[in-house]
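got a predicted structure here, sequence first:
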Amino acid sequence: MSISRKAIIDALSNVIEPDLKKDIVTLNLVKILDVQGQVISLEVKVSNPAMHSRMRMREACEFAIHRTLGNEWKVEVEVIPISGDEREGDLRKVLPGVKNIIAVASGKGGVGKSTVSSNLAAGLVKRGYSVGLLDADIYGPSAPTMFDLIHEKPHVIEVDGKNKLAPIEQYGVKILSIGFFAEANQAVVWRGPMATKALNQLVNDAHWGPLDYLILDLPPGTGDVHLSIVQSIPLNGVVVVSTPQTVALADARKGVGMFRLPAINIPIIGMVENMAWFTPEELPQNKYFLFGKDGAKNLAEELEIPFLGHLPLFQSIREAGDAGRPAVLQEGTPVEAAWNEILNNFEREIRLLPFRKKSQPQTTEQS
């Protein structure tokens, strides 16, 4: 029994790409590799590179062909993720009023990623930028605490006839967090797809308005949630945070490897070394390298990514986070000086980003 390629394409036109909301034929995501005997070989591209997403696409293609053409056909489907370059045109329909969408990531929890996200956002506001902060750390949201918004709840406004969430503004930063929708002692126990859906709603159902920067505080690690986020939100780049400790650096290396995967290919803006050293208040000239010296700086040099700067282990940073006022707002302090260096380097790398986006080194390392 022979079959035409048109019949195969017609059958596959019933398969919808779940993130891009159109059928895979219209999106030009299907390539018929071969038809031999009763075997149909296909290559299909998918937006979300996570394993469960690829498996579902394979099953959907098999079902569509069997339903339309009969069960006698054996269907072999290779599902590969869409590359970052291929997605750029479609994805820029998401948050078109935001000039730069920057993720802050860490391979390991507890290294200060949320502290860096909060202070980066507040520091950019100090420099005259319009900034939003999306607390995407779905399992451990910190923004409500770090901006003294624990008891606040976003309200709904009408924009162009549609109901939208209005981010809460504090210190000039527009903020949304899953923490606004859960009680302080309530655990968020969600599987990956549910967590991803909630985050997409915070992006697409919110009225962010025009922004120079939207900062995303990602969860720690390199799992399915991260892959879904980076494939559904058009990131311009990533800041990686690590302490100089060996165990943290190993996870930071994996994080960089994930963003450099060909299917993701998001530029690394730079690395921040947090808890770089401790200086006692009574001995301001002394530096104690409690977690090692220059570990993140050396890793950045090894991986050929920019190093944005050191953040010493200041007690005032912890106190500022607990009090709900980012430490970067402390005028004339060593904390502000440390952050000024990081912000200067960050702005420089943002300006250079278009020139090195296409030439960033690649690695096949995966977590």
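Nice, thanks for sending it over.

quick one, strands of the stretch 201-350 of the chain?
Assigned by DSSP state E, counting those that start in this stretch, the stretch 201-350 of the chain shows strands spanning 211-217, 237-242, 268-274, 307-311.

tell me how many other residues crowd Ser232.
The tally of other residues near Ser232 (other C-beta atoms under 10 Å) stands at 22. Quick note: C-beta positions are derived from backbone N, CA and C, even for glycine.

put the alpha carbons of stretch 260-269 into CSV.
Only the C-alpha atoms of stretch 260-269 are listed here, as CSV (Å, rounded to 0.1, in the frame of the first residue of the first chain):
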residue,chain,number,x,y,z
ARG,A,260,24.6,26.7,26.3
LEU,A,261,22.8,23.6,25.0
PRO,A,262,22.1,24.1,21.2
ALA,A,263,18.4,23.7,21.8
ILE,A,264,18.4,26.6,24.3
ASN,A,265,21.4,28.8,23.4
ILE,A,266,20.8,31.7,25.7
PRO,A,267,23.8,34.0,26.2
ILE,A,268,25.4,34.1,29.7
ILE,A,269,25.7,37.8,30.6
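
list the buried residues of that stretch.
260-261, 263-269 (16 or more other C-beta atoms under 10 Å).

my read is that Leu216 contacts Asp137, right?
No: the pair Leu216 / Asp137 is not scored as a contact, 9.4 Å apart, by C-beta atoms under 8 Å.

where's Leu120 relative to Val25, distance?
42 Å (C-beta to C-beta, to the nearest Å).

and the two? which has more neighbours close in?
Leu120 (28 against 16).

state whether that one is indeed within a helix.
Yes: under DSSP: H, G, I helix; E, B strand; the rest coil, Leu120 sits within a helix.

any idea which helix is longest in the protein?
Determined from DSSP state H, the single longest helix within the chain is helix 334-356.

which residues are contacting that helix?
Helix 334-356 has contacts (C-beta atoms under 8 Å, 6 or more residues apart in numbering) with 100, 119-120, 123-124, 127, 236-237, 239, 267, 269-270, 272, 279, 306-312, 314, 316-317, 320, 327-328, 330.

per-residue confidence averaged over it?
Averaging pLDDT along helix 334-356 yields 87.

cool, and stretch 253-266?
On average, stretch 253-266 scores 84.

among the buried residues of stretch 260-269, which two are most distant?
By the measure C-beta to C-beta, Ala263 and Ile269 form the most distant pair in the buried residues of stretch 260-269, at 19.7 Å.

all helices in the stretch 51-200 of the chain, in order from the N-terminus.
51-69, 84-91, 113-126, 143-146, 192-204 (DSSP state H, counting those that start in this stretch).

now those in TSV, with distance to Gly132?
Shown next, in TSV, are these (distance: least, C-beta to C-beta, whole Å):
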stretch	distance to Gly132
helix 51-69	27
helix 84-91	17
helix 113-126	8
helix 143-146	11
helix 192-204	10
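
ends of stretch 137-145, how far apart?
Distance between the two ends of stretch 137-145: 13 Å, counting by C-alpha to C-alpha, to the nearest Å.

buried set for it?
So, applying 16+ other C-beta under 10 Å, buried residues of stretch 137-145: 137-138, 140-145.

stretch 316-323 too?
Buried-residue list, stretch 316-323, by 16+ other C-beta under 10 Å: 317, 320-321.

again, but for stretch 248-256
248-249, 251-256.

I'd like the residues you listed as TSV, with distance to Gln36 appended.
Below are the buried residues of stretch 248-256 laid out as TSV (distance: C-beta to C-beta, whole Å):
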residue	distance to Gln36
Ala248	51
Leu249	50
Asp251	45
Ala252	47
Arg253	43
Lys254	40
Gly255	42
Val256	42
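
filter those down to the ones in helices?
248-249, 251-256.

tell me the one of those residues nearest Gly172?
Gly255 (29.0 Å).

tell me how far the closest one lies from Glu152.
31 Å.

just Gly172 next, same as before
In terms of C-beta to C-beta, Gly172 sits 16 Å off from Glu152.

do the same with Asn298
For Asn298 relative to Glu152 (C-beta to C-beta), the value is 41 Å.

what of Gly209?
From Gly209 to Glu152 the distance is 18 Å (C-beta to C-beta).

adding mean pLDDT and distance to Leu165, write the helices of the stretch 51-200 of the chain out as a markdown table.
Below are the helices of the stretch 51-200 of the chain laid out as a markdown table (pLDDT from 0 to 100; distance: least, C-beta to C-beta, whole Å):
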| stretch | mean pLDDT | distance to Leu165 |
| --- | --- | --- |
| helix 51-69 | 89 | 26 |
| helix 84-91 | 50 | 21 |
| helix 113-126 | 94 | 18 |
| helix 143-146 | 90 | 14 |
| helix 192-204 | 73 | 7 |
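
for Lys287, which of those helices is the nearest?
Short answer: helix 113-126, nearest of the helices of the stretch 51-200 of the chain by C-beta to C-beta, at 19.9 Å.

next, the angle from the closest one to strand 237-242.
Counting by axes from the mean of the first three to the mean of the last three C-alpha atoms, to 10 degrees, helix 113-126 lies at 130 degrees to strand 237-242.
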